[in-house]
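**Student:** okay, structure incoming, though there's no sequence with it:
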């Protein structure tokens, strides 16, 4: 059963067409557009999918609000298939939601946790997992060995950090620099500071999760800016661009309703 998976983030919509609802599958086609351009999907990227056949199921994650969702649904009228929009719940696909108010957990975080749990199970990993998403915002979430979401961190991404500094510091408007151990110009100082702030949060949670579970966690990182942070991490990690897609595939393929 072909499946179109949709990940609506704060800045971009990412989509991928799969031949089956199996986490870790390679997409038949995929793409991404900034939210201001989603009104052309039916005539553009999604219209071109007709050569592969119309998807038989649609599933999506949305953190951009109802107005954006409705705009996407207008584009999905290209196919006579109702979309399924997922949201956080008390448990799903082997993951137990430990948030104080489970339904208030961000949908993207919840789906990424499910994707991470599915990938870990596929490789036979039975230990804790640290799930990191790096985009407009950064989230660092902990799964214990039993699949229980213990909690996590939310912090600003690079762009938000830089805009906050520019808005609160007179004359601080410089190009993005490089990550350096000892920055000697303002551009490098800004880029290094933002990167090390994110890395520090990840490595601290990594230590806390290892101490809590008595085992070094598997660290899975996703998000459009993950590649910027990965070289500065001092702990083993893996980059998975499609972690939210893996979670959507797990949810689409589960036997329970």
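**Tutor:** Yep, it's here. Note that this is a predicted model, so its numbers are computed, not measured. Numbering: from 1, shown residues only.
**Student:** tally up the residues packed near residue 24, please.
**Tutor:** Neighbouring residues of residue 24 were enumerated by other Cβ atoms under 10 Å; the total is 15. Bear in mind the C-beta positions are built from the backbone N, C-alpha and C, glycine included.
**Student:** am I right that it is in contact with residue 120?
**Tutor:** No: Residue 24 lies out of contact with residue 120 (Cβ atoms under 8 Å); the separation is 10.9 Å.
**Student:** check which helices and strands the one helix or strand residue 209 maps to sits against.
**Tutor:** Residue 209 belongs to helix 186-213 when assigned by DSSP states H and E. For helix 186-213, the helices and strands in contact under the criterion 3 or more Cβ pairs under 8 Å, 6 or more residues apart in numbering; DSSP states H and E are strand 129-134, strand 137-143, strand 148-156, helix 158-168, helix 226-229.
**Student:** in it, what's buried?
**Tutor:** By neighbour count with 16 or more other Cβ atoms under 10 Å, helix 186-213 contains the buried residues 188, 190-195, 198-199, 201-203, 205-206, 208-210, 213.
**Student:** ok, residue 254 - contacts?
**Tutor:** Residue 254 makes contacts with 92, 93, as judged by Cβ atoms under 8 Å, 6 or more residues apart in numbering.
**Student:** likewise for residue 250?
**Tutor:** Applying Cβ under 8 Å, 6+ apart, the residues near residue 250 are 21, 23, 93, 114, 115, 117, 118.
**Student:** would you agree the first one is in contact with residue 3?
**Tutor:** Yes: with contact taken as Cβ under 8 Å, residue 21 and residue 3 are classed as touching, separated by 5.5 Å.
**Student:** parallel or antiparallel, which strands does the helix or strand just after the helix holding residue 209 pair with?
**Tutor:** Toward the C-terminus, helix 186-213 is succeeded by strand 218-222 as the next helix or strand (DSSP H and E). Taking DSSP bridges as the criterion, strand 218-222 forms sheet pairs with strand 129-134 (parallel), strand 238-239 (parallel).
**Student:** taking strand 148-156 as reference, get the angle to the first one.
**Tutor:** Interaxial angle of strand 129-134 relative to strand 148-156 (axes from the mean of the first three to the mean of the last three Cα atoms, to 10 degrees): 20 degrees.
**Student:** from the chain's centre, how far out does strand 129-134 sit?
**Tutor:** Distance of strand 129-134 from the chain centroid (Cα atoms, centre = their mean, to the nearest Å) equals 8 Å.
**Student:** what sits up against that strand?
**Tutor:** The set of residues that contact strand 129-134 without belonging to it, under Cβ under 8 Å, 6+ apart, is 108-109, 112-113, 116-117, 120, 138-143, 152, 157, 198, 202, 205-206, 209, 217-226, 228-229, 237, 243.
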